[in-house]
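Chemist: Fold the following for me, if possible:
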Amino acid sequence: MKYVEVSGGRGDAPVLLDPRPYLDRLPGLATGLPPGARAFATDPARYDFGGRRCVRDLVPAEVSHGAGDALEIRFRHDCARHDEDLVVRYSGVSRFQTDVLDACDPASLGAVLLDEILPHPVGCTHELACRPGTLVVACRDLAAQWVPAACPDARAGR
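Modeler: Here you go, the predicted structure:
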């Protein structure tokens, strides 16, 4: 991550997350993002740690390749924090990289800590810091959509 600060988490140390350096730069960065990425990056709910549409604690659950250079990642909700799944559709994918050996199982990346969307010569990059891995997608644009999801116990997280 270039601006979002993620530290700690080793042993008993707490994970420290600070999106403020990124959020401080986001108004200037947003002008260089393609439309879908800009809409998702500037959504105020994305970093609202107490909100239901914060990316924190989502879990990459399914990666599917579409026609040509399209990619879709479904992020499963955490019943205690969310009541929807997040589906991100990437178009014009030029890079897909994880730093976890079992990349065939997206859940091996662990829960999302935070993400960062930045301008890139091909369009944008979307980097996600997870427990214990990271995921980076470079693409022409992305479209993020929150979709209804059910928790096994409807009282969970309420």
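Chemist: Which elements pack onto the least confident helix or strand in the chain by mean pLDDT?
Modeler: Ranked by mean pLDDT, DSSP states H and E, the weakest helix or strand in the chain is strand 5-8, scoring a mean of 78. For strand 5-8, the elements it packs on are strand 15-18, judged by 3 or more CB pairs under 8 Å, 6 or more residues apart in numbering; DSSP states H and E. C-beta: built from backbone N, CA, C; applies to glycine.
Chemist: got the contact list for the strand it packs on?
Modeler: Strand 15-18 is contacted by residues 4-9, 56, 113-114, 131 when judged by CB atoms under 8 Å, 6 or more residues apart in numbering.
Chemist: Just checking: what are the partner strands of the least confident helix or strand of the chain?
Modeler: Partners of strand 5-8 in the sheet, by DSSP bridges, are strand 15-18 (antiparallel).
Chemist: Out of the contacts of strand 15-18, which end up buried?
Modeler: 4, 6, 56, 113-114 (16 or more other CB atoms under 10 Å).
Chemist: out of these, who's nearest Ala45?
Modeler: Arg56 (11.3 Å; CB to CB).
Chemist: And the pLDDT for the closest one?
Modeler: According to the prediction, Arg56 has pLDDT 90.
Chemist: number of nearby residues for Ala150?
Modeler: As a burial measure, Ala150 scores 10 neighbours (other CB atoms under 10 Å).
Chemist: which SS class is it?
Modeler: Here Ala150 is recorded as coil under DSSP: H, G, I helix; E, B strand; the rest coil.
Chemist: The strand or helix carrying Phe75 packs against which elements?
Modeler: In this assignment (DSSP states H and E), Phe75 forms part of strand 71-76. Packing partners of strand 71-76 (3+ CB pairs under 8 Å, 6+ apart): strand 59-65, strand 84-91, strand 134-139.
Chemist: Can you say which of the ones you listed is nearest to Ala41?
Modeler: Closest among the helices and strands packed on strand 71-76, once you apply CB to CB, is strand 84-91, at 11.8 Å.
Chemist: so how far is the closest one off the chain centroid?
Modeler: 9 Å (CA atoms, centre = their mean, to the nearest Å).
Chemist: could you say what helices and strands that strand packs with?
Modeler: strand 71-76, strand 134-139, strand 141-148.
Chemist: Can I get those strands in CSV including mean neighbour count?
Modeler: Converted to CSV, the helices and strands packed on strand 84-91 look like this (neighbours: other CB atoms under 10 Å):
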stretch, mean neighbour count
strand 71-76, 20
strand 134-139, 20
strand 141-148, 17
